[in-house]
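**Q** Just the structure for this:
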Amino acid sequence: MKNRTMYILAIVTVVVVAAIAFPLYVKSQHTTFRAEVTDHITMLDKIETLQIRKITRISSAEEEEVRLEDPKQIQNVLKLFRDIELKKVKEARPLNDLPYYEIRIVINKEGRFTEHFGVWVYSENTISTYNGAATRDAFGDFEITNEFNFNELERIFNKLKEDAA
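**A** Sure thing, here's the model as predicted:
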């Protein structure tokens, strides 16, 4: 009788621990673009530059680039990513996803130092991020779980390129 009680107690304990741990694990796999990038920018910080590169070939010789320093234009680009919901994956970049966009953000942290963020948008459903200030987990690969308009990013890039010319 005593062994039976111990088995039941062990099974109940395992079920309770699993019921608590599983939702926490699932929640840790989901995040947003805002949490990964823009929440690291405070009101006292200034975005110095935002650089967008369109990579059309594996070799770096065929790249197009736009560099923004106007805060209004930078906010318009970041607004496109504002509501993106993400799910952490092991690897986001398929080898044949060309073209893709690389976005580099340089932030002046309260006039004391600069911080760098990188975002690689491979398609409507895959994205990678880099946080230069992170000591661990600086790189993150994600699947976009809600709607993201990749063509809008391309349209904005082409418009900015025309304006710069």
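
**Q** State the mean pLDDT of stretch 142-157.
**A** Averaging pLDDT along stretch 142-157 gives 86.

**Q** Can you give me the first-to-last residue distance of that stretch?
**A** Start-to-end span of stretch 142-157 (Cα to Cα, to the nearest Å) is 22 Å.

**Q** centre of the chain versus it, how much separation?
**A** 12 Å (Cα atoms, centre = their mean, to the nearest Å).

**Q** Residues contacting that stretch, please?
**A** Contact with stretch 142-157 is made by 30-31, 36, 52, 54, 64, 66, 76-77, 80-81, 83-89, 92, 101, 121, 123-129, as judged by Cβ atoms under 8 Å, 6 or more residues apart in numbering. In short, each C-beta sits where N, CA and C put it, glycine included.

**Q** 10 Å - rerun?
**A** 29-33, 36, 52-54, 64-66, 73, 76-77, 79-81, 83-89, 92, 99-101, 103, 121-129 (Cβ atoms under 10 Å, 6 or more residues apart in numbering).

**Q** List the buried residues in it.
**A** Buried residues in stretch 142-157, counted by 16 or more other Cβ atoms under 10 Å: 142, 144, 148, 150, 153, 156, 157.

**Q** mind giving me a markdown table with those and columns for distance to residue 6?
**A** As requested, these are exported to a markdown table (distance: Cβ to Cβ, whole Å):
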| residue | distance to residue 6 |
| --- | --- |
| 142 | 44 |
| 144 | 48 |
| 148 | 52 |
| 150 | 57 |
| 153 | 59 |
| 156 | 64 |
| 157 | 64 |
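
**Q** Redo those residues as a markdown table? Include distance to residue 117 and secondary structure.
**A** Shown next, in a markdown table, are those (distance: Cβ to Cβ, whole Å; DSSP: H, G, I helix; E, B strand; the rest coil):
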| residue | distance to residue 117 | secondary structure |
| --- | --- | --- |
| 142 | 14 | strand |
| 144 | 17 | strand |
| 148 | 18 | coil |
| 150 | 20 | helix |
| 153 | 16 | helix |
| 156 | 18 | helix |
| 157 | 18 | helix |
